[in-house]
Every structure is written in structure tokens, then in C-alpha cells.
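**Student:** no sequence for this one, just the structure:
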């Protein structure tokens, strides 16, 4: 959506104070630990852009809370599987050899949106060290949440998702849908017979840049929107607007537990 289109559909500018009001009305409280998936364009014309959104989120949870966002970087994956866009076959070995190692301080996000990308560089933000699916956190428990992110399973109990689950975190879909709800991947790691796949990334191994192969679950969000519709009808979900963005607030533990049961009944693995 262009800037012109966003202005045309925005009655008044969306401000930090307005977003704080909306977030509190939605159910965000001081001291909350919140995993946020966001779409800036959905919020409307924001006075201050992504910086203002981050400020509003941090103000809403206060000094005792923790703000977390995904910082995934799909470019640090097996180029043989790239499809958006694909690369020529003759490029693949070159990429294996030449792709720079993941660097938590430098490597940009991909497909996470402007808010998450700015949050990666925001003062006080820390990032986990997974080369593909890192998370960024800012606030009271940021260092604990991002520490020791295992290479595999990348969305398992010892990952930032597992730590947030144990901490009774909330998930805020800020203009985003359930297909963006990364937390549901934690439920996948608990499924019996969940298939695995070979993955790879350029990363530092024993102090040297290396292309490292590893095995992990074959995660899929293809049915998360359907899952989310069922959960919204049966679980504890608060729906409201932040700015102009239809937003959903949910309890992470309740959502993941529900997803585990729902997926187990609908996915069949041999």
C-alpha cells in the first residue's frame, strides 16, 4: 500500500498517545511480556512511523515488561529452496561458499516488516543468535529470553518461544493474521511423528565462517489461519483496533495448548 493510499484512508494521524490508549483498552498491561507480529501499513498514517509504534508498545508494558518480536532472516537458508525469487542452479554452490555468516548485530530481517526491522536496532534491544529464526527482545527479561537459542529445534521448548510460554506471555497480532503467529510452531514441536527436514545456514562455527547443515522439524503455517479462526471462536481472544489496525490479543500458553490438540486431530503423519 502506498503512502498516498494510507493518508487517504486515515481520518487523523495515529499517535503514540493514541496507540497507548488503544493497546491498554485491548488488554496490554504494565509488566506484560508480549510477542508482537505487526503490519505498519494496517495501522494507518502513523506520526513517527515504526519508531512511534515501538515507543507506544514499550510505554504500554512499562519497565517491568518485555517486548519481543521475530527477527527472522530467510536469506540465511538453503538457496536450493528459495522461491521468492528462485536463483539459478549455477549460483547455489557460490552462495554456499560466499554467504556471510549470520551476525546478530548486523544481519537484517526479511519479511518481518518495518516495525520489527527497526526494533532490531532499537536502543536496549537484544537478539538471539539463531541464523534463521532469531528473536529480538527489549525490557526486563530480554537477556534471558534471547540467550542460548538452540540451533534445533529452533522453535522448541528451549527457544525464546518456549521461554515466553513458560513466562505466561501474551501474543499481539497488530494488524497481522494467525498465519504470522510464530508461537503456534511451538505446538508443532510437540506433535507425534512431526516430519523433519535438512536445513542449512552460513554461520560462525568454532570462530570461523562455515556453511552448517542441520536437521529440524518441517514447520508449516499453511493451516494456521484456519486454526486461528477455531481458536478465536473457542478460546480467550480480545479483538480491537490499534490505530486503524484490527488487532488480536491472546494468551500464548492457551493458544499453544489449543493448537497442539487441534493440529494433532488434523495432521496425520506416517
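**Tutor:** That came through, no problem. Source: prediction; values computed, not measured.
**Student:** which SS class is residue 204?
**Tutor:** Assigned with DSSP: H, G, I helix; E, B strand; the rest coil, residue 204 falls in the strand class.
**Student:** count the residues that sit near it.
**Tutor:** Counted with other C-beta atoms under 10 Å, the neighbours of residue 204 add up to 14. C-betas here are computed from N, CA, C, even on glycine.
**Student:** same question for residue 36.
**Tutor:** By other C-beta under 10 Å, the residues close to residue 36 number 22.
**Student:** kindly report the same for residue 192.
**Tutor:** By other C-beta under 10 Å, 7 other residues sit near residue 192.
**Student:** what packs against the helix ranked longest in the chain?
**Tutor:** Of all the segments assigned as helix in the chain under DSSP state H, the longest by residue count is helix 252-266. Applying 3 or more C-beta pairs under 8 Å, 6 or more residues apart in numbering; DSSP states H and E, we find helix 252-266 packed against helix 160-166, strand 170-174, helix 184-188, helix 224-234.
**Student:** redo the ones you listed as CSV? Include mean pLDDT.
**Tutor:** Shown next, in CSV, are the helices and strands packed on helix 252-266 (pLDDT from 0 to 100):
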stretch, mean pLDDT
helix 160-166, 98
strand 170-174, 98
helix 184-188, 98
helix 224-234, 96
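**Student:** closest one to residue 18 among these?
**Tutor:** Residue 18 sits nearest to strand 170-174 of all those, at 13.8 Å, using C-beta to C-beta.
**Student:** contacts for the closest one, please.
**Tutor:** Identification of contacts with strand 170-174 by C-beta atoms under 8 Å, 6 or more residues apart in numbering yields 23, 26-28, 32-39, 42-43, 53, 115, 180-181, 183, 242, 245, 247-252, 255.
**Student:** what is the mean pLDDT for stretch 43-51?
**Tutor:** For stretch 43-51, mean pLDDT is 96.
**Student:** identify each buried residue in that stretch, please.
**Tutor:** Judged by neighbour count using 16 or more other C-beta atoms under 10 Å, the buried positions of stretch 43-51 are 43-46, 50-51.
**Student:** would you turn the residues you listed into TSV with secondary structure and distance to residue 125?
**Tutor:** Below are the buried residues of stretch 43-51 laid out as TSV (DSSP: H, G, I helix; E, B strand; the rest coil; distance: C-beta to C-beta, whole Å):
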residue	secondary structure	distance to residue 125
43	helix	20
44	coil	25
45	coil	25
46	strand	19
50	helix	13
51	helix	13
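**Student:** quick one: which two of the residues you listed are the most distant?
**Tutor:** Using C-beta to C-beta, the buried residues of stretch 43-51 reach their maximum pairwise distance at 44 and 51, which is 15.4 Å.
**Student:** ok, back up a step: out of the contacts of strand 170-174, which are inside strands?
**Tutor:** 33-38, 242, 245, 247-251 (DSSP state E).
**Student:** which two in those are spaced the farthest apart?
**Tutor:** Using C-beta to C-beta, the ones in strands among the contacts of strand 170-174 reach their maximum pairwise distance at 33 and 245, which is 21.1 Å.
**Student:** and residue 146, which of the helices and strands packed on helix 252-266 is closest to it?
**Tutor:** Closest to residue 146 of the helices and strands packed on helix 252-266, according to C-beta to C-beta: helix 160-166, at 6.1 Å.
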